[in-house]
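Q: predicted model, plus sequence, below.
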Amino acid sequence: MQLKRILVLSLVLAVVGGIATFAIPASHWVRSELQRRAEEPAPVLANPQEARQIIATVLAEKNYHYHGLPLPPPKNGKTIRVKEKRDLVVSAVSVCFRAEHAPQSPHCMAYPADSVQAVELDGFASRKLREELILANANPRPLDLKGLPNTEVVDPSEVKALLTSRFWKGFYEQFPQTAGWVQASMPVLTKDRQNALVYISHSCDGLCGTGTLYYLSRTADGWTVTRDFLLWVS
């Protein structure tokens, strides 16, 4: 009888030990898998109204970035003219991102994605959110921006044709007294939809332009720009 109890107890201990041996690695694998899936980029796109509000907020709050070409110096005897607020020509279609060395798409005026993934940006926005911005803008998307103050919204193919044929002279003949050409990405949101990341470029001549990432937060009064990062300048 005692031998039987010993055998049963040994069997129970063996089973418990086996379960523990496999349960610990299994538990670790489950946690690792859940973390991996949580870190995988899964873009949360702004809806059309959110995208409009986010881009409008950047253009309104950062309009000092978008002066356009400086006014020419005054002629002899003339006073310096005060800067006038000029309209921006804004793309009706979102800008795209492409991988380094990938061919340009004829349907998308693309920006290299590697700059958005640079390690210097880790303190600005999470790598996951930046990867989601790239994924969300692999292809052009329509943007509902018509009617924004101080803007003229046009199809990017029209501007591309002007710049290709007559460069900026052609642009300003078609859009006189404007402050240049603006393109925006489709914004992406954090999972709780309380923060947003968007890329906006502004060009007004061959050596006049910037490309900037903007991080925004949602408030009771709408969106506000909390920080920005200049990616390039010309």
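A: Noted; the coordinates are in hand. From a predicted model like this one, the values you see are computed outputs, not experimental measurements.
Q: what's the next secondary structure element after the helix or strand harbouring Ser157?
A: Here Ser157 sits within helix 156-174, counting by DSSP states H and E. As assigned by DSSP H and E, the chain's next helix or strand after helix 156-174 is strand 181-184.
Q: the helix or strand following that next one pairs with which strands, parallel or anti?
A: The helix or strand immediately downstream of strand 181-184 is strand 188-189, counting by DSSP H and E. Counting by DSSP bridges, the strands paired with strand 188-189 are strand 44-45 (antiparallel), strand 195-205 (antiparallel).
Q: need the residues that contact the shortest one.
A: Here strand 44-45 makes contact (Cβ atoms under 8 Å, 6 or more residues apart in numbering) with 51, 132, 136, 186-191, 193. Where C-beta positions appear, they are placed from N, C-alpha and C, glycine not excepted.
Q: name the nearest residue to the residue minimising distance to the centre of the chain, sequence neighbours excluded.
A: In the chain, the centroid-proximal residue (Cα atoms, centre = their mean) is Val198; its distance is 3.2 Å. Leaving aside its chain neighbours, Val198 sits nearest to Pro187 (4.0 Å; criterion: Cβ to Cβ, 6 or more residues apart in numbering).
Q: quick one: terminal-to-terminal distance for stretch 41-56?
A: 26 Å (Cα to Cα, to the nearest Å).
Q: hang on, Glu131 is in a helix, isn't it?
A: Yes. According to DSSP: H, G, I helix; E, B strand; the rest coil, Glu131 belongs to a helix.
Q: residues in contact with the residue nearest to it when sequence neighbours are not counted?
A: Among residues not flanking Glu131 along the chain, Pro41 sits closest, at 4.1 Å (Cβ to Cβ, 6+ apart). Counting by Cβ under 8 Å, 6+ apart, Pro41 makes contact with 128, 131-132, 135.
Q: among the residues you listed, which one has the most neighbours?
A: Glu132 (23 neighbours; other Cβ atoms under 10 Å).
Q: my read: that one touches Pro43, true?
A: Yes. Using Cβ atoms under 8 Å, Glu132 is in contact with Pro43, at 4.1 Å.
Q: what touches both of those two?
A: Val188.
Q: circling back to that earlier point, closest to Leu231 out of the contacts of Pro41?
A: Glu131 (15.5 Å; Cβ to Cβ).
Q: distance of that closest one from Gly170?
A: According to Cβ to Cβ, to the nearest Å, Glu131 and Gly170 sit 37 Å apart.
Q: any chance of the contacts of strand 44-45 in CSV, plus pLDDT and distance to Leu231?
A: Output for the contacts of strand 44-45, formatted as CSV (pLDDT from 0 to 100; distance: Cβ to Cβ, whole Å):
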residue, pLDDT, distance to Leu231
Ala51, 97, 20
Glu132, 96, 17
Ala136, 93, 17
Met186, 96, 17
Pro187, 97, 16
Val188, 97, 16
Leu189, 97, 20
Thr190, 97, 20
Lys191, 96, 24
Arg193, 96, 25
